[in-house]
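Participant: Need a 3D model of the following:
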Amino acid sequence: MSEEQQTITIDGTEYPIDQLSDDHQNVINHIQVADQEIARIQTMQAILTTGRQAYINQLGDELKKPDAEFTPEVVK
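Facilitator: Numbers count the residues shown, from 1 in each chain. Okay, the predicted model is just below:
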């Protein structure tokens, strides 16, 4: 069974990665690391956005209770 050659496509041209210089392969590695970090940060943003909304919802629920310790003045 033969392995499929890994390639990268830049500006519509496909290049075999194993035929690129070490410097070029290093740049490709940096791109991959950057892509992974972007994905990690996007996941963290989704988690934080969900958590933020949960806090907003909880605060809204608490403020609507008639026996709330703190009742803010409603600005109209």
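Participant: where along the protein do the strands fall?
Facilitator: Counting by DSSP state E, the segments of the chain that form strands are 7-10, 13-16.
Participant: what mean pLDDT would you report for the last one?
Facilitator: Taken as a whole, strand 13-16 has a mean pLDDT of 96.
Participant: Show me what it is packed up against.
Facilitator: When contacts are defined as 3 or more C-beta pairs under 8 Å, 6 or more residues apart in numbering; DSSP states H and E, strand 13-16 packs onto strand 7-10. Any C-beta I mention is one placed from the backbone N, CA and C, and that applies to glycine too.
Participant: Report how many residues lie close to Asp22.
Facilitator: 7 (other C-beta atoms under 10 Å).
Participant: Next, find the distance separating Asn29 from Leu48.
Facilitator: 29 Å (C-beta to C-beta, to the nearest Å).
Participant: go on, Thr9?
Facilitator: In terms of C-beta to C-beta, Thr9 sits 34 Å off from Leu48.
Participant: tell me the most buried of the strands of the chain?
Facilitator: A comparison of those by mean neighbour count, using mean count of other C-beta atoms under 10 Å, puts strand 7-10 on top with a mean of 12.
Participant: got a list of contacts for it?
Facilitator: For strand 7-10, contacts defined as C-beta atoms under 8 Å, 6 or more residues apart in numbering pick out 14-17, 20, 28.
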